[in-house]
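# 3D, please:
(chains A and B)
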Amino acid sequence: EPEVTQTPSHQVTQMGQEVILRCVPISNHLYFYWYRQILGQKVEFLVSFYNNEISEKSEIFDDQFSVERPDGSNFTLKIRSTKLEDSAMYFCASSIRGLDYGYTFGSGTRLTVV
Amino acid sequence: SQQGEEDPQALSIQEGENATMNCSYKTSINNLQWYRQNSGRGLVHLILIRSNEREKHSGRLRVTLDTSKKSSSLLITASRAADTASYFCATDAAGANSKLTFGKGITLSVRP
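Alright, predicted model coming up:
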């Protein structure tokens, strides 16, 4: 069964450093998303991406965050200058037709900012 | 306002029993989805019910939707130890472009 692949599974970074979280969505999916989950809390929407541009972003997704689809397969989330409160599980998801269909989530990247 | 609030927050049952989990939401929706998350893992899509549907089945899962009460329930019949996980409802608000809003989740423990 097709999967969404995320790398790395765990990243530890120093506060103020830049991190890039990588995702390979399912090949025929057209809609891409990033969500995050702080330990024990809700799954929070960050950003959605369609047709090579951001469709919607949340208040969390400030100027420190950016997304890219640099080639036909990868979908990346960059945090320019990490803060302690950015520590969370970051999930990438993709969907073939957007909200009318379920999302396929990756296994997540656990980001720890120290 | 909170969209997608599940209850109970935690549920513990014996294997073979049925598990019922509820979700309430505040705004009009296009569809409502249920996801499962095993500890430390990603979310797995279980079932989607559209706003014009009232009930949907998938294997041992039954989902109902009552748009007048803005609520949904997920029933897992004949539960198994492997059903132990967190369960989330997620909604897309009508008119919203492209995001799901998740609830806080329900922790289901199925005792063997």
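
# Tell me, how many residues neighbour residue A:39?
Neighbour count of residue A:39, defined by other C-beta atoms under 10 Å in any protein chain shown: 8. All C-beta spots, glycine's among them, are computed from the backbone N, C-alpha and C.

# these two touch, right, it and residue A:110?
No. Using C-beta atoms under 8 Å, residue A:39 makes no contact with residue A:110, being 9.2 Å away.

# For the residue of chain A found nearest chain B, which residues are in contact?
At 3.4 Å from chain B, residue A:102 is the closest residue in chain A, using C-beta to the nearest C-beta. By C-beta atoms under 8 Å, 6 or more residues apart in numbering or on different chains, the contact list for residue A:102 reads A:95, B:33, B:45, B:47, B:48.

# Would it be right to say that it lies in a helix?
No. Read with DSSP: H, G, I helix; E, B strand; the rest coil, residue A:102 is coil and lies in no helix.

# How about the contacts made by the nearest residue to it once chain neighbours are set aside?
Excluding the flanking residues, the one nearest residue A:102 by C-beta to C-beta, 6 or more residues apart in numbering or on different chains is residue B:45, at 3.4 Å. Residue B:45 sits next to A:102, A:103, A:104, A:105, B:33, B:35 when contact means C-beta under 8 Å, 6+ apart.

# So which of these is the closest to residue A:58?
residue A:103 (15.8 Å; C-beta to C-beta).

# from memory that closest one sits against residue A:34, does it?
No. Residue A:103 is beyond contact range of residue A:34, at 11.4 Å (criterion: C-beta under 8 Å).

# Could you pull out the residues contacting both of the two?
The contact lists of residue A:103 and residue A:34 share residue A:93, where a contact means C-beta under 8 Å, 6+ apart.

# quick revisit: which residues are in contact with both of residue A:39 and residue A:110?
By C-beta under 8 Å, 6+ apart, the residues touching both residue A:39 and residue A:110 are A:88, A:89.

# what are the phi and psi values for residue A:85?
phi -70, psi 0 (degrees, to the nearest 10).

# I'd like to know how far it sits from residue A:101.
Distance of residue A:85 to residue A:101, computed by C-beta to C-beta, to the nearest Å: 32 Å.

# more crowded one of those two?
residue A:101 (15 against 10).

# list the contacts for the more buried one?
Here residue A:101 is in contact with A:95, B:48 (C-beta under 8 Å, 6+ apart).

# picking that back up, now for the contacts of residue A:102, which pair is the farthest apart?
A:95 and B:47 (14.9 Å).

# Settle it for me: which of these two has more neighbours?
Per other C-beta under 10 Å, whichever of residue A:95 and residue B:47 has more neighbours is residue A:95, with 23 against 17.

# mind showing which ranges of the chain have poor pLDDT?
Went with chain A since none was named. Chain A contains residues with pLDDT under 70 at A:98-99.

# could you do chain B instead?
For chain B (pLDDT under 70), the answer is B:1-4, B:94-98.

# Smallest gap between it and chain A, at which residue?
residue B:45 (3.4 Å).

# That residue is in what secondary structure piece?
strand B:43-50 (DSSP states H and E).

# what's next to the following helix or strand past that strand, contact-wise?
Downstream of strand B:43-50, the first helix or strand assigned by DSSP H and E is strand B:55-58. Identification of contacts with strand B:55-58 by C-beta under 8 Å, 6+ apart yields B:46, B:47, B:48, B:49, B:62, B:63, B:64, B:65.
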